[in-house]
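Visitor: Here is my input; please provide its structure:
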Amino acid sequence: QVQLVESGGGLVQAGGSLRLSCAASRSDFSNYAMAWFRQKPGKDREFVAAISWDAARTYYADSVKDRFTISRDNAKTTVYLQMNSLKPEDTAVYYCAGGLTLSLKSTMYSYWGQGTQVTVSS
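Guide: Residues are numbered from 1 along each chain as shown. The predicted structure is shown next:
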């Protein structure tokens, strides 16, 4: 079992930045692909970004490309999501997820954090 704990959410004005962190409880974190998803009020959970176990591959949703950056530090068993040029439509609960297969699909991830709220004011 892998426990994931997100942090770094909060309230920010449009155009601002936030960095989300997701700390994993297991030392074999480096074996897992990691991803960020988000869920807006009344909407389904959607893919944001994903990174392979060795950080060699990254994927982004079109809506966040060139604004968000996913990265990881396997020594610290932590994955990050740097969010720049935030927009009100980025407001959502952000979840990190871990799985053995790099994917854009939430169903491919076995482990999930509790989520952190990001609110972007206009």
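Visitor: Pairing partners for the one helix or strand residue 21 maps to, with directions?
Guide: Under the criterion of DSSP states H and E, residue 21 resides in strand 18-24. Within its sheet, strand 18-24 is paired with strand 4-7 (antiparallel), strand 78-83 (antiparallel), according to DSSP bridges.
Visitor: Can you verify my assumption that residue 59 contacts residue 50?
Guide: Yes - assessed by C-beta atoms under 8 Å, residue 59 is found in contact with residue 50 at 4.7 Å. Bear in mind the C-beta positions are built from the backbone N, C-alpha and C, glycine included.
Visitor: Quick check: neighbours shared by these two?
Guide: 102, 104 (C-beta atoms under 8 Å, 6 or more residues apart in numbering).
Visitor: more neighbours, those two?
Guide: Higher neighbour count among residue 59 and residue 50: residue 50, with 25 against 17, using other C-beta atoms under 10 Å.
Visitor: How about the contacts made by that one?
Guide: Taking C-beta under 8 Å, 6+ apart, we find residue 50 in contact with 33-36, 58-59, 70, 102-104.
Visitor: next one: residue 101
Guide: Contacts for residue 101 were tallied using C-beta under 8 Å, 6+ apart; they are 33, 108.
Visitor: What does the pLDDT read for it?
Guide: Here the pLDDT value assigned to residue 101 is 95.
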